[in-house]
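Enquirer: Generate a structure from the sequence data that follows.
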Amino acid sequence: MGHLDHATFGWLTPVLSYAMACTGAALGLRCTVRALGATGASRRNWLFTAASAIGTGIWTMHFVAMLGFGVSGTEIRYNVPLTVLSLIVAMTVVCAGVFAVGYSRDRGRALLLGGLTTGVGVASMHYLGMAAVRLHGEVTYDPALVALSVVIAVVAATAALWAALNIESPVAVTVASLVMGAAVSSMHYTGMLAVRVRVAPSDDVLPGATAMQFIFPLAVGLGSYLFLTSAFVALSPTVGEHEASVSAQRPVESAAR
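Expert: Numbers count the residues shown, from 1 in each chain. Coordinates of the predicted model:
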C-alpha cells in the first residue's frame, strides 16, 4: 500500500481550497438572492451566475486540494478530458438545483429534489475527478466512507439551496458561506479518506498531464473568475437599491417640469 499524503504543501492547499469553496458559496448565495427579487431574463441571468459561481467554487476547491495530494512510490498525472468533464458535471448539476429552486412554485419539494440532485452530482464530480487520476498502481475505495461522503454532499447541497431561499442579509450570507465551505471541504476529505492505493512501481511513462501543467492554471483562471464576479456583484445595485434610486429621481424630474 502506498502512503497517501493529502497535504504535501502543508496547510496551504487545504486553506486555499476552503477559501475557494467559501467564495463560490457566498457569490452563489448573493446571486440567488438577486435572482429571487428579479423577473424575466434578469432572474435567469442571475441564476446562471449563481450556478456557475457555486459549481466553479466546488470544482476549484476539489482540485486545489488535489494539488496537495501525493502517493509515495509513484507520480500522479490527470486525464484531461475526464477532468474537464468533471467541471461540466459540477456546473450542470448545480445549475439544475438552482433553477429548480428559483422557478418552482413548491419551494419545499424543489428544495428536497434540488438538494438530492445537486448533492449526488457534486459527489459524482468528485469521483469523476478521482477517476481522472493516473498513477502506477490500483486505486480502491472504502464503501462506507464513500457513502458517508455522498450523504455529506447531499446535506451540504440542501443546506446551500435552503440558505439561498431564506438568507438575505450580508452578514448571514457570510456565515452561511463559511458553513457551506466547511461542508464541501468535509465532503472532499471524507471522500479522500476512502481512497486506498496499492502501488505497483514501474518505469513506464504515465499518460495525462501533471497537476502543475493543467490543473493549476485552470484553477487559477477559475479562481480569478470567482473574485472578479464577486467584485461585479458587490458593486451592482440590489433590487431595493435600484427602486430607491428610481423613487429618488422622480421628485427631481417632477420639479424640473
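Enquirer: could you pull out the helices for the protein?
Expert: Assigned by DSSP state H, the helices in the chain fall at 12-36, 40-66, 80-103, 107-131, 143-166, 170-193, 216-235, 239-256.
Enquirer: Against Gly10, how distant is the residue sitting nearest the centre point of the chain?
Expert: Geometric centre of the chain, nearest residue: Ile58, 1.9 Å, by C-alpha atoms, centre = their mean. To Gly10, Ile58 is 23 Å away according to C-beta to C-beta, to the nearest Å. Every C-beta, even on glycine, is put in place using the N, C-alpha and C of the backbone.
Enquirer: go on, Leu218?
Expert: Separation of Leu218 from Gly10 (C-beta to C-beta): 22 Å.
Enquirer: more neighbours, the two?
Expert: Leu218 (16 against 9; other C-beta atoms under 10 Å).
Enquirer: Tell me which residues touch that one, please.
Expert: Phe63 (C-beta atoms under 8 Å, 6 or more residues apart in numbering).
Enquirer: Need the pLDDT of it.
Expert: At Leu218, the model reports a pLDDT of 78.
Enquirer: low-confidence ranges in this structure?
Expert: Flagging of the chain using pLDDT under 70 yields the residue ranges 1-2, 234-257.
Enquirer: that older thread, so the residue nearest to the centre of the chain versus Ser72, what's the distance?
Expert: Counting by C-beta to C-beta - Ile58 and Ser72 are separated by 28 Å.
Enquirer: do the same with Val93
Expert: 34 Å.
Enquirer: for Val233, same thing?
Expert: 43 Å.
Enquirer: ok, back up a step: do you know which of the helices of the chain lies nearest Thr210?
Expert: helix 216-235 (8.9 Å; C-beta to C-beta).
Enquirer: next one: that closest one to chain centre, how far?
Expert: Remark: helix 216-235 is offset 13 Å from the chain centroid, using C-alpha atoms, centre = their mean, to the nearest Å.
Enquirer: got it, and stretch 51-61?
Expert: 3 Å.
Enquirer: From the rest of the structure, what touches that stretch?
Expert: By C-beta under 8 Å, 6+ apart, the list of residues contacting stretch 51-61 reads 17-18, 20-25, 27-28, 31, 86-87, 90-95, 97-99, 122, 125, 129, 160, 181, 184-185, 188, 219, 222-223, 225-226, 229.
Enquirer: To what extent is the residue lying closest to Thr8 once chain neighbours are set aside buried, counted in neighbours?
Expert: Leaving out its chain neighbours, the residue that sits closest to Thr8 by C-beta to C-beta, 6 or more residues apart in numbering is Gly70, at 4.4 Å. Using other C-beta under 10 Å, Gly70 is surrounded by 19 other residues.
Enquirer: next one: Ser52
Expert: Using other C-beta under 10 Å, Ser52 has 23 neighbouring residues.
Enquirer: same deal with the one 4 residues further on?
Expert: When neighbours are defined as other C-beta under 10 Å, Thr56 has 26 of them.
Enquirer: Spatially, and excluding backbone neighbours, which residue is closest to it.
Expert: Nearest non-adjacent residue to Thr56 (C-beta to C-beta, 6+ apart): Leu222, at 4.9 Å.
Enquirer: What separation do you get for that neighbour and Tyr78?
Expert: Distance, Leu222 to Tyr78, by C-beta to C-beta: 15 Å.
Enquirer: try Gly108
Expert: As judged by C-beta to C-beta, Gly108 and Tyr78 stand 40 Å apart.
Enquirer: what do you get for Phe9?
Expert: In terms of C-beta to C-beta, Phe9 sits 17 Å off from Tyr78.
Enquirer: The two: who's more crowded?
Expert: Tyr78 (22 against 12).
Enquirer: didn't that one look like it was pressed against Met212?
Expert: No - here Tyr78 does not reach Met212: they are 10.6 Å apart, not a contact under C-beta atoms under 8 Å.
Enquirer: re earlier: between Val233 and Ser72, which is the more surrounded one?
Expert: More neighbours surround Val233 than the other of Val233 and Ser72, with 19 against 11 (other C-beta under 10 Å).
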